[in-house]
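Trainee: Need coordinates for the following:
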Amino acid sequence: MTGVSRRKRIWGWYFFDWASQPYHTLLVTFVFGPYFATVASEYFIGTGLAEDVADARAQAMWSWCLTVTGLIIGLGAPIMGAFADTSGRRLSWIIVFSMMYVVGATAVWGTMPDGSNLWWGLMAFGFGFIGAEYALIFINSQLPSLGTAEEVGNLSGSGFAFGYVGGVVSLLIVLALFVEQSNGKTLIGLDPAFGLDATLREGTRAVGPFTALWYLIFMVPYFLWVRDTGPKGHGRGVSDALATLLMTLKSLRHRLSLSTYLGSSMFYRDALNGLYGFGGTYAILVLNWSITSVGVFGIIGAIAGAVFSWVGGKADKRIGPKPVIKVAIWALMAVCVIVVGMDRSQILGVPLADGSKLPDVVFFGCGVLIGGFGGVLQSASRSLMVRHTDPALPTENFGLYGLSGRATAFMAPALIGMVTTLSGSARIGVSPVILLFVIGLVLLRWVKAEGDKDTWVGS
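Mentor: Residues are numbered from 1 along each chain as shown. Just a heads-up that it's a prediction; the model follows:
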């Protein structure tokens, strides 16, 4: 990559976060996820189910989609990471998974508002989501090559902050120009753009193709300015990749700090993904919000995520990532307790007057904390992983990091789905994330704040 400055490489790497964030902001959490919950709930009500039962059925269906995609991502992540390191090919895989992202996001358009093809919507969403998460593994593995160990925390935080800004901008655009309210108008009183039919929810469904187009446009700086600078592999293919992965897994018994960190992050990142995956559906099913209200909630959360991630990156540089992670987990646990203990009639057992707006205000505050500390947690976690990453095997190590974040990615959705089904309550169904945060926090005590460089292959 002759002639491309380090500054351009860093900004090119940042642009992946900007380009990919809308899949999480628009599809997972604030537009398509709530839209799917609404459509599924109304469909089940139409079959004769009571509203509470229909809401629980809709949340359970969404949870099983996230469960299956989580299993696929978790099982494949370390294998592909090892293959990338043994073959020396990373950018080619990023292209492949980017194509999955674009195809899946575009196909979300076909999720009709009458609930006639719910499974199509889930399969399209899941296909693109797998591509987004696999691409992220390879992007994360490039972080160590962008700066020193002291710099990567700040770089990681700035990347997440830039991504959250992209999420805010994309969400503002779709709310202003596409997503229709109950009156058929967008948030600023316009008809959905390009003549989209509000009665068929085409403005809301257009969030899929919009997300795909956004990604295609804003990945251009990444592909122009970023090239692989890590070690080039000389393996022969999958067999070498599996052999290398097996050796790495065996070596984990000698790397207590890394092993414990992978276990810790497995639980607390799963809990965070549970919050992201069900925050919007909670607002729809428990608080009876509109998708537009959820979108505004998302803007506030994403702005908080950008600000908190940037500040968290500075704190990471100053005191290291481990203390930052611990503060973020405690804050998110407190938010979970409030969310689980609240509905339209009471907050933590304190009755509310009919029509009280206090639950809305409180949940908006929760959105600030979820978006803010969620961004901090992801950024600092990526930084702490760099301190445990052998420079000879960056993609494989981040494949293991991807595995720890996704091997049990089915767990939070599965637990939420199970508890939702057993309790018949979409609100109570979110409670398992508290336990997952607690387990992650406990395991973190055995993680070395400065990593385990003494155990690396080349040490």
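Trainee: The helix or strand hosting I79 - contacts with which helices or strands?
Mentor: Secondary-structure assignment from DSSP states H and E places I79 in helix 51-87. Helix 51-87 is packed against helix 32-46, helix 118-140, helix 238-251, helix 256-285, helix 394-406, helix 411-423, with contacts defined by 3 or more CB pairs under 8 Å, 6 or more residues apart in numbering; DSSP states H and E. For glycine as for every other residue, the C-beta is placed from the backbone atoms N, C-alpha and C.
Trainee: Would you tell me which one of the ones you listed is buried the most?
Mentor: Per residue and on average, the most neighbours among these fall to helix 394-406, with a mean of 27 (mean count of other CB atoms under 10 Å).
Trainee: What ranges in the stretch 201-350 of the chain fall below the confidence cut-off?
Mentor: The stretch 201-350 of the chain contains residues with pLDDT under 70 at 228-242, 244-245, 248.
Trainee: got a list of contacts for stretch 167-179?
Mentor: Residues lying outside stretch 167-179 but in contact with it, judged by CB atoms under 8 Å, 6 or more residues apart in numbering, are 21-22, 24-26, 30-31, 186-188, 190, 192-193, 196, 203-204, 206-207, 210-211, 214, 291-292, 295-296, 298-299, 302-303, 305-306.
Trainee: Of the residues you listed, keep whichever come out buried.
Mentor: Buried by 16 or more other CB atoms under 10 Å: 21-22, 24-26, 30-31, 186-187, 192, 196, 203-204, 206-207, 210-211, 214, 291-292, 295-296, 298-299, 302-303, 305-306, out of the contacts of stretch 167-179.
Trainee: Those residues in helices, which ones?
Mentor: The subset of the buried ones among the contacts of stretch 167-179 located in helices under the criterion DSSP state H comprises 21-22, 203-204, 207, 210-211, 214, 291-292, 295-296, 298-299, 302-303, 305-306.
Trainee: so can I have TSV of the helices and strands packed on helix 51-87 showing distance to S5?
Mentor: Written out in TSV, the entries for the helices and strands packed on helix 51-87 read as follows (distance: least, CB to CB, whole Å):
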stretch	distance to S5
helix 32-46	38
helix 118-140	19
helix 238-251	33
helix 256-285	33
helix 394-406	22
helix 411-423	41
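Trainee: Which one, of those, ends up nearest to F218?
Mentor: Of all the helices and strands packed on helix 51-87, it is helix 118-140 that lies closest to F218, at 13.4 Å by CB to CB.
Trainee: on contacts alone, who are the packing partners of the closest one?
Mentor: Using 3+ CB pairs under 8 Å, 6+ apart as the contact criterion, the neighbours of helix 118-140 among helices and strands are helix 6-22, helix 32-46, helix 51-87, helix 91-107, helix 394-406.
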